[in-house]
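> Have a look; sequence and predicted model below, questions after that.
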Amino acid sequence: MKQKDIVFTLATIAFFLAFILYRPLLEAYRDFNLQHGMVSSFLKFAILATLGEVIGLRIKTGKYNRPGFGILPRAVVWGVIGLTIQMAFIIFSYGTPAFLEYLGLEGSYEMLNDKGLTAGKILVAFCISVAMNIIYAPVMMTTHKITDTHIETKGGTLKGLFSPLKMGDIMAGINWRVQWSFVFRKTIPLFWIPAHTITFLLPAEYRVLFAALLSVMLGIFLAVAAVLGRK
């Protein structure tokens, strides 16, 4: 591990420990999250998911940044994706229990909000995770792949981010074999469904934060997918 890796790791750990050890900061986060949920979601994903991409770049190239990478445009895109993730959490955390009750599992929503860890709560959380990751996650991941390619082709600038998007050309250039065989078929059932099952077992105010922390792993997975796509 090089000196820059040590500094990066320590700075990241210090950032998270500040929220854990300094109670007023944690309380301020809770209050802001309750009052401004969408803004909070934008900021969490803009910071944490971009952090994952920076780590992914380090894995691919040995550097945390390079010309044309576009950290700021990527943060903007992740912030917007964070808004859709917040929306998806609300839709699926209410909609999936309603569907389970339609199928005959009465009291599904109450099970999800039980204070203890019960079999029913785990079942409902798992069903929510499966529904969200099958219906929403592939669309989100593909959208990110498209915007990621767009940012790189425009030199990693904010101006380039808002330039016309050549959707057809970008989609034609995606390695769909890797997108399916690794990103969808492996990471969704083996990581995202179990991870988001844990997410929905948490109190509601911590779910999006935990999802944002997990998005660091998404950046790493996408880096691995990019390497596989070049082989």
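That came in fine, so what should we check first? Numbers count the residues shown, from 1 in each chain.
> per-domain residue ranges of the protein.
1-35, 37-230 (automatic domain parsing).
> Comparing those domains, which yields the minimum mean pLDDT?
Comparing mean pLDDT across these, the weakest is domain 1-35, with a mean of 79.
> that older thread, which of the domains of the chain sits most buried?
domain 37-230 (a mean of 17; mean count of other Cβ atoms under 10 Å). From N, CA and C alone the C-beta is placed, and that goes for glycine too.
> looking at it, Ser40 is touching Asp31, isn't it?
No - look at Ser40 against Asp31 with Cβ atoms under 8 Å: they stay out of range, at 10.2 Å.
> mind checking the end-to-end distance for stretch 147-159?
Using Cα to Cα, to the nearest Å, the end-to-end distance of stretch 147-159 comes out at 14 Å.
> And for it, what's in contact with it?
Residues outside stretch 147-159 that contact it (Cβ atoms under 8 Å, 6 or more residues apart in numbering) are 67-74, 76-77, 160-161, 163, 165-166, 170, 173-174, 222.
> and the residues you listed, which of them are in helices?
Of these, the ones assigned to helices by DSSP state H are 71-74, 76-77, 160-161, 170, 173, 222.
> from the residues you listed, which two are the most distant?
Leu72 and Gly173 (23.8 Å; Cβ to Cβ).
> The helix or strand hosting Gly79: how far from the chain's middle?
According to DSSP states H and E, Gly79 maps onto helix 71-102. Helix 71-102 sits 9 Å away from the centroid of its parent chain (Cα atoms, centre = their mean, to the nearest Å).
> on contacts alone, who are the packing partners of it?
helix 37-61, helix 108-112, helix 119-135, helix 137-153, helix 158-161, helix 204-230 (3 or more Cβ pairs under 8 Å, 6 or more residues apart in numbering; DSSP states H and E).
> Only alpha carbons, please: show stretch 46-57 as PDB.
Extracted as PDB, the C-alpha positions of stretch 46-57 are listed here (Å, rounded to 0.1, in the frame of the first residue of the first chain):
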ATOM      1  CA  ALA A  46     -23.000  12.500  -4.700                       C
ATOM      2  CA  ILE A  47     -20.300  12.000  -2.100                       C
ATOM      3  CA  LEU A  48     -20.300   8.300  -1.300                       C
ATOM      4  CA  ALA A  49     -21.000   6.800  -4.700                       C
ATOM      5  CA  THR A  50     -18.400   9.100  -6.300                       C
ATOM      6  CA  LEU A  51     -16.000   7.900  -3.700                       C
ATOM      7  CA  GLY A  52     -16.700   4.300  -4.900                       C
ATOM      8  CA  GLU A  53     -15.900   5.400  -8.400                       C
ATOM      9  CA  VAL A  54     -12.600   7.000  -7.300                       C
ATOM     10  CA  ILE A  55     -11.700   3.800  -5.600                       C
ATOM     11  CA  GLY A  56     -12.700   1.900  -8.800                       C
ATOM     12  CA  LEU A  57     -10.400   4.100 -10.800                       C
END
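> who touches Leu103 in this structure?
Going by Cβ under 8 Å, 6+ apart, Leu103 touches no other residue.
> so is the residue in the chain sticking out farthest from the centre in a helix, a strand, or just coil?
Within the chain, the residue lying farthest from the chain centre (Cα atoms, centre = their mean) is Gly104, at 31.8 Å. Recorded secondary structure, Gly104: coil (DSSP: H, G, I helix; E, B strand; the rest coil).
> re the thing from before, reformat the ones in helices among the contacts of stretch 147-159 as TSV; add distance to Gly52.
Below are those laid out as TSV (distance: Cβ to Cβ, whole Å):
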residue	distance to Gly52
Ile71	12
Leu72	16
Pro73	15
Arg74	10
Val76	15
Val77	13
Gly160	22
Leu161	19
Ile170	21
Gly173	23
Leu222	8
